[in-house]
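>>> I would like the atomic coordinates for the input below:
(one chain, ligands or ions: 4)
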Amino acid sequence: MSAQTVISDCMLCVWDCGIKAHLKNGRLVKVEGLPEHPVSRGYICPRGEALPDYVYSPNRLASPMIRHKNRWQKAGWDQALDYCAEKLSRVREEYGARALSVFCGSVGVENIEVATFARRFAGAFGTPNLLSVENICYRTRILARQLTFGRYPLDDPRQSRCIILWGHNPDGAKGMLSELIREKLAAAELELIVIDPKRIPLAEEAYYLPIRPGTDAALGLAMLNVIIDEDLYDREFVEQYTIGFDEVVEHVQKYTPAWAEDVTGIPAADIRAVARIFARCKPACIIQGVNTLDQHRNGLQNSRLLSILQAVTGNVYNPGGWVTIPRIPLANLGIKVDEPPLGADDYPIFSALWGRKAPFGIATMFPRAALEGEPYPIRGSIVTAANPVVSFPAAGLFKEAFASLDFLAVIDPFLTETAELADVVLPASTFLEKGGLAYVYGVVFGEPYAMMRRKIIEPVGDSWPDWKIWRELAWRLGLGEHFPWQTDEDATDALVQPGEFKDSLKAAAPLGAYYGEKEYHIQKKKKLHTPSGKIELYSQTLKDHGYDPIPEYLEPYQSPVNSPELYQKYPLILISGSRSQEYTHTQLRSIPVLRKQNPEPLAELHPSTAEQNGVKDHEIVRVETKSGSMKIRVKLSERISPGVISIPHGWAQSNVNMLVDMEGLDPITAYPDFKSVLCRVVPL
Ligand SMILES: Nc1nc2c(c(=O)[nH]1)N[C@H]1C(S)=C(S)[C@@H](COP(=O)(O)OP(=O)(O)OC[C@H]3O[C@@H](n4cnc5c(=O)[nH]c(N)nc54)[C@H](O)[C@@H]3O)O[C@H]1N2
Ligand SMILES: Nc1nc2c(c(=O)[nH]1)N[C@H]1C(S)=C(S)[C@@H](COP(=O)(O)OP(=O)(O)OC[C@H]3O[C@@H](n4cnc5c(=O)[nH]c(N)nc54)[C@H](O)[C@@H]3O)O[C@H]1N2
Ligand code: SF4
Ligand SMILES: [Mo]
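Ligands and ions are numbered 1, 2, ... in the order given. Below you'll find the model as predicted:
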C-alpha cells in the first residue's frame, strides 16, 4: 500500500487551518493539524479531523440529477448542462439577463475558487444579481470600518494586553482564538472582558458583563462617555489623526453609565470599570461577533461604535490593536455589468462607497423580486455553495421564493434543503478534490498569508470542481470565451495575478507565502482613504445619506421597550446562531462522528425562566414568534441570562430561521435581525 502525507488546508469553515492529510492509495484516511502553518500553528477542530468522513460521505451527490414530475432522475453531465443552458436561455429571453440570480453562501464567498468563477459567470451572463451572504455576514462590519478608517482594519490579538470578546464565543466559532486567549491568560498577559448574554466558558476567566441582547450600542456609548469624561482617551492620537472628536464629546453626554444600566441591565459600576480597563490597558483589541453586532437593526452603527472606541483609545494601527494589511494581488476575473444589482438604490452606501461598487446585490430583497416581481422579476437562480432556505432569515419566505422560480439549479456536494427544491442539481467536488487559493481576507489574526492549494484526491463520484461546471455551462450559452481554462491547475493559477507574489506562492508550495506585512502606524505615514484623509469619528458620508454621523442608541426592533404590546404576548428574547465546533452552518449534520458529539439542536433556557414558563429540562417545546413557530428540545443552563432563549441555526428540522422575519432590516445594509426576536415557549 502506498502511504503519503500531503500538506494542505481545511476550508470547512472560514478560518482555513493548515492540515497534514494522510493518504493511502490515493484515499484520504486521516487529517491532523499542521504545526508549520504560521497562522493556525497545528490547530484543527473536530470538523477538520472528520474530513475523511466528510469527503467520502455516502450522502455525497454521486451524479447530476434532473427533476421529472417531482422525482429525481440521474443524468449525465451533458444532459444536465444542456438542460440548464436551455432553461437559462429561456429566462434571459423572456425577462432579461438580470432575472437570473447567482446565489453564493459562506463557502461561496470564502472559497476564492467558488466565489471567483460564480461571479465571473454572472458577469458573462449579464446579470448584476450576484446575491450572497455578504448581506447577512461580515460586510456590515467591513463597511463600518471602511467608513471610519478608509480601509478595513482587522483584529491583531497576538500582542494585545486587553481583549474584549463582544458577542463572540471563540470556543464555538474560532478555536484558534480561544487557544491563543487561554495561552495568554495562563501567562498572565491578558485582561479579558466578555460581553454576552451567555456566560460563555471564557467568561469564567474574564470581567463578564451579561447584557440584554441587542443593547450593545448603549453599553458602547456609555463606555465612550466614561473614557471621555475621565480623560482616558489617547489625546495625541485623537488630535492628530481623527476628525469629529468634539462632536463625539457632545454626543455622548446623554449616554451616561446610569442611563445604560437601565437599558442594558449591566450595573453602571461595571460599565465604568470595563471602560477603564479597556482604555488603560494598551494595546487593546475588541473582537466582535458577527451575530450580535452586525446582524441587527442598527448593525452598521453598532460596528461603527466599536471602531470609534478603538480609535479614541489609540488602538488602531498599533500591534495588538486593529491593523490593516495590504491587498492580495488576486486576478480580477469579475466581468462588469452596467446595470446596478437589486437594492442599489435603496441601500446606496452598501452598494457603492466612495465610487467603489460592491459586486453583489441585496439578497434580502430576493424573495420579493421572485414572488412579487418587485422591483423587477427574478425568475431563475443558480445557487452555489449556499443553503439559503435554512440559513437565511424568513426561511419560509425564501423557500417559497425559490420554489416559485421558473428555473433553479443548485451546485453543491450534498443534496441540501435548497437543492431539494431545484430543477437540476449538479454535484460539486469539495475543496480537497480541486485546486484553489487558501486565503481568507486576513481574518485570522490579520495575517496576510495565503496558500496555493492543489487537488490532493480525485473528485469523488461524478463530481466536478466549480470552475469546470461554470465553464461547461458558459460554453453551452455561447460565453465560452470567458472560460478558457482546461485543467484544474490552469483554473487555480488564474486566481492570482502574475508577479512576485504568485511566484513566491508557487515556490513555497505546498506551504503558503505572505503577500505583505501588517501595516502598523500608517496614520503617521500617509493620508488615510477616507474623504478627509483622517479617521472619521464623525462620518459626513453617513450624514450626507441621511444616516446618523455618530451612532445613536436604537432599541432592537422587537423589544420590551420598542414593542411592549408584542412583549406582553412574547416575553422571551430569542438569540440565534451561536456556533458550535461540530458544525458549520447547515452543513455536516449527516457525518456520524460529528453528529455523535452534537446529536440534536437544543434551545438553552435559564432554569428560572423555564420554571416561569412551565418547561422542564429535555422537554420538547414549541417556540413561537409573531412570524412563525418550530419545535425543539430544551436544555436548561445557568449560563444563559434569564428571559433569553438561545437557539442554534443550521438545523433543518428545527430551523430557527422560521422564527426570524425581515421587518426590522438595518436601513443602511438591509441586514436582518437574527437576535433580539421576541418569542414564547409553549410546552407540548
Ligand atoms: N464552528 C463554527 N464556527 C464558525 C461558523 C460555524 O458555522 N461553525 N461560522 C463562521 C461564520 S460564517 C461566522 S459569521 C462566525 C460568526 O461568529 P460569531 O457571530 O462571533 O458567533 P459566536 O461566537 O457563536 O457568537 C455568538 C455569541 O454572541 C452572543 N450574543 C447573542 N446575542 C447577543 C447580543 O445581543 N449582544 C452580545 N453582546 N452578545 C450576544 C451569544 O450568546 C454567543 O455567545 O463564525 C464562524 N465560525
Ligand atoms: N438564525 C441565524 N441564521 C444565520 C446566522 C445566525 O447567526 N443566525 N448566521 C448567518 C451567517 S453569518 C452565514 S455566513 C450564513 C451561512 O449560510 P450558508 O452559506 O447558506 O450555509 P452553509 O450551510 O455553510 O452552506 C454552504 C453550502 O456550500 C456547500 N459546499 C461546500 N463546499 C463547496 C464547494 O466547494 N462548492 C460548492 N458549490 N458548494 C460547496 C455545502 O455543502 C453547503 O451546502 O448563515 C446565516 N444564518
Ligand atoms: S476551525 Fe475547524 S473547520 Fe474551520 S478551518 Fe479550522 S479545522 Fe477546518
Ligand atoms: Mo457568516
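>>> bridging residues for residue 323?
Taking DSSP bridges as the rule, residue 323 bridges to residue 154.
>>> quick one: residues contacting it.
153-154, 156, 316-317, 446, 518-520 (C-beta atoms under 8 Å, 6 or more residues apart in numbering). Yep, even glycine has a C-beta here, placed from its N, CA and C like the rest.
>>> from those, which ones fall inside strands?
Of the positions in the contacts of residue 323, residue 154 sit in strands, assigned by DSSP state E.
>>> other SSEs contacting the helix or strand where residue 246 lies?
Assignment of secondary structure by DSSP states H and E places residue 246 within helix 245-251. Using 3 or more C-beta pairs under 8 Å, 6 or more residues apart in numbering; DSSP states H and E as the contact test, the elements touching helix 245-251 are helix 216-229, helix 299-312.
>>> of all those, which one is nearest ligand 3?
With respect to ligand 3, and counting by C-beta to the nearest ligand atom, the nearest of the helices and strands packed on helix 245-251 is helix 299-312 at 23.3 Å.
>>> where does the residue nearest the centre of the chain land in three-state SS?
What sits nearest the mean C-alpha location of the chain, by C-alpha atoms, centre = their mean, is residue 137, with 3.5 Å. On the three-state scheme (DSSP: H, G, I helix; E, B strand; the rest coil), residue 137 is labelled coil.
>>> quickly note the distance from residue 486 to residue 472.
Relative to residue 472, residue 486 is positioned 11 Å away (C-beta to C-beta, to the nearest Å).
>>> which of the helices and strands packed on helix 245-251 sits most buried?
Across the helices and strands packed on helix 245-251, averaging neighbours per residue (mean count of other C-beta atoms under 10 Å) puts helix 299-312 on top, at a mean of 27.
>>> average pLDDT across that one?
Along helix 299-312, the predicted confidence averages to a pLDDT of 97.
>>> that helix to helix 216-229, inter-axis angle?
For helix 299-312 against helix 216-229, the angle between stretch directions is 20 degrees (axes from the mean of the first three to the mean of the last three C-alpha atoms, to 10 degrees).
>>> quick one: name the residues of the stretch 251-400 of the chain near ligand 1.
Where proximity means C-beta under 6 Å from any ligand atom, the interface of the stretch 251-400 of the chain facing ligand 1 comprises 289-292.
>>> follow-up on the earlier one: any idea of the angle the following helix or strand past the helix holding residue 246 forms with helix 216-229?
Once the chain leaves helix 245-251, the next helix or strand it forms, by DSSP H and E, is helix 257-264. Counting by the same axes, to 10 degrees, helix 257-264 points 170 degrees away from the direction of helix 216-229.
>>> show me which residues of helix 257-264 are buried.
For helix 257-264, burial by neighbour count (16 or more other C-beta atoms under 10 Å) applies to 257, 259-261, 263-264.
>>> and the spatially closest residue to residue 298 that is not a sequence neighbour, which of the three is it?
Once its chain neighbours are removed from consideration, residue 298 has its nearest residue in residue 554; the separation is 4.2 Å (C-beta to C-beta, 6 or more residues apart in numbering). Judged by three-state DSSP, the three-state class of residue 554 is coil.
>>> list the contacts for residue 554?
For residue 554, the set of contacting residues under the criterion of C-beta under 8 Å, 6+ apart consists of 217, 297-298, 301.
>>> got TSV for the residues you listed, with distance to residue 428 too?
As requested, the contacts of residue 554 are arranged in TSV below (distance: C-beta to C-beta, whole Å):
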residue	distance to residue 428
217	40
297	35
298	37
301	38
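>>> can you pick out the most distant pair from the residues you listed?
Between all members of the contacts of residue 554, the longest pairwise span (C-beta to C-beta) is found for 217 and 297 and amounts to 10.4 Å.
>>> hmm, residue 331 and residue 120 touching each other?
No. Using C-beta atoms under 8 Å, residue 120 makes no contact with residue 331, being 10.3 Å away.
>>> which one of these two is surrounded by more residues?
residue 120 (24 against 13; other C-beta atoms under 10 Å).
>>> and the residue of the stretch 451-600 of the chain nearest ligand 2?
The nearest approach of the stretch 451-600 of the chain to ligand 2 comes at residue 577, 2.1 Å away (C-beta to the nearest ligand atom).
>>> burial of the closest residue to that residue other than its chain neighbours, as a residue count?
On the basis of C-beta to C-beta, 6+ apart, the spatially nearest residue to residue 577 that is not a chain neighbour turns out to be residue 649, at 4.1 Å. Other residues within reach of residue 649 by the criterion other C-beta under 10 Å amount to 24.
>>> quick one: residue 649 from ligand 3, how far?
Taking C-beta to the nearest ligand atom, to the nearest Å as the criterion, residue 649 is separated from ligand 3 by 16 Å.
>>> quick one: contacts for that residue?
By C-beta under 8 Å, 6+ apart, the neighbours of residue 649 are 390-391, 576-577, 585-586, 655-657, 674.
>>> so which residues of the stretch 101-250 of the chain form helices?
Under the criterion DSSP state H, counting those that start in this stretch, helices of the stretch 101-250 of the chain are mapped to 107-110, 112-125, 139-149, 170-173, 175-186, 216-229, 235-241, 245-251.
>>> also the stretch 351-500 of the chain?
366-372, 388-391, 395-403, 466-476, 488-493, 500-508.
>>> for residue 91, list the residues it contacts.
With contact set as C-beta under 8 Å, 6+ apart, residue 91 has these partners: 99-100, 379-380, 406-407.
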